[in-house]
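S.K.: No sequence on hand, only this structure:
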Ligand code: ADP
Ligand code: ADP
Ligand code: ZN
């Protein structure tokens, strides 16, 4: 089962990817998490990405495609994978096709822009594994500590309201067209994002035929 999760910043892609990884026993591939890790480790990819990420802009397609192609070729992806936050441009979607990466379902998590700011100001992420929490809607068991790996939770610099507004603009200008791209290929499934985390997860499982 090869899946893509599509949606605006804050739609719930990361949260849903974590649930799906567990339920479907396939890895989640978050380009955002991979880029943040590269930045922490000071790698060349991290250095290239920093300016774009800090300013809410998309990292150039060639940088993204290199890291994604390498990741989906790993042995743990043979039974499937969940792409979270990639592709984000038409060029990235076309590059995946050109490289022969098969996609079964593209799940678009729908959410109004108006809901997003509250989600982002309450978001906390694990500084180590990237897991996503919310101080009200999805708090960790122990305040500021990741349930999954015990590391400290942090606020993402690009979750500041002005950067969030820029990222939303970028989503509408560059990413939203992917819904048409995949609808034409018969792959698009849309799910309501403005509901409980569990409710959205049930809808996703139904949409991909993983649940009756
Ligand atoms: P969110 O899930 O909140 O939308 P991500 O963690 O997916 O945020 O992305 C954070 C930032 O990382 C983006 O604003 C962008 O700078 C960069 N990024 C992540 N994935 C991609 C991608 N596929 N193409 C270009 N830039 C990306
Ligand atoms: P994305 O990866 O699409 O940017 P996240 O999964 O990180 O989004 O979710 C953004 C924020 O909203 C996080 O703080 C997360 O805990 C919270 N969140 C996710 N899904 C829901 C939901 N259905 N209802 C309320 N808050 C949610
Ligand atoms: Zn963690």
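M.R.: Cool, got the structure. This one's a predicted model, so the numbers in the text were calculated from it and none came from an experiment. Ligands and ions are numbered 1, 2, ... in the order given.

S.K.: From the structure, what's the count of residues near the residue in the chain that ligand 1 sits nearest to?
M.R.: Going by C-beta to the nearest ligand atom, ligand 1 is nearest to residue 32 of the chain, at 1.8 Å. No exception for glycine: its C-beta is placed from N, CA and C like everyone else's. Around residue 32 there are 22 other residues, counting by other C-beta atoms under 10 Å.

S.K.: Quick one: residues contacting it.
M.R.: Residues in contact with residue 32 (C-beta atoms under 8 Å, 6 or more residues apart in numbering) are 14, 84, 85, 130.

S.K.: tell me the SS of the residue nearest to residue 141 when sequence neighbours are not counted?
M.R.: Leaving aside its sequence neighbours, residue 141 sits nearest to residue 147 (C-beta to C-beta, 6 or more residues apart in numbering; 5.4 Å). When classified by DSSP: H, G, I helix; E, B strand; the rest coil, residue 147 comes out as coil.

S.K.: Return the distance of residue 147 relative to residue 129.
M.R.: Residue 147 sits 10 Å away from residue 129, going by C-beta to C-beta, to the nearest Å.

S.K.: what does residue 169 give?
M.R.: From residue 169 across to residue 129, the span is 29 Å (C-beta to C-beta).

S.K.: Please apply the same query to residue 195.
M.R.: Applying C-beta to C-beta, the value for residue 195 to residue 129 is 26 Å.

S.K.: now do residue 204
M.R.: Noted for residue 204: a distance of 21 Å to residue 129, by C-beta to C-beta.

S.K.: Of these two, which one has the most company?
M.R.: The neighbour count for residue 204 versus residue 129, taken as other C-beta under 10 Å, is higher for residue 204 (25 against 14).

S.K.: looking at this, that one is in a helix?
M.R.: Yes: according to three-state DSSP, residue 204 belongs to a helix.

S.K.: what about the helix or strand of the chain with the lowest mean pLDDT and ligand 2, any contact?
M.R.: The helix or strand of the chain with the lowest confidence, counting by mean pLDDT, DSSP states H and E, is helix 113-121 at a mean of 93. Yes: interface with ligand 2: helix 113-121 contributes residue 119 (C-beta under 6 Å from any ligand atom).

S.K.: Determine the set of other helices and strands touching that helix.
M.R.: helix 161-170 (3 or more C-beta pairs under 8 Å, 6 or more residues apart in numbering; DSSP states H and E).
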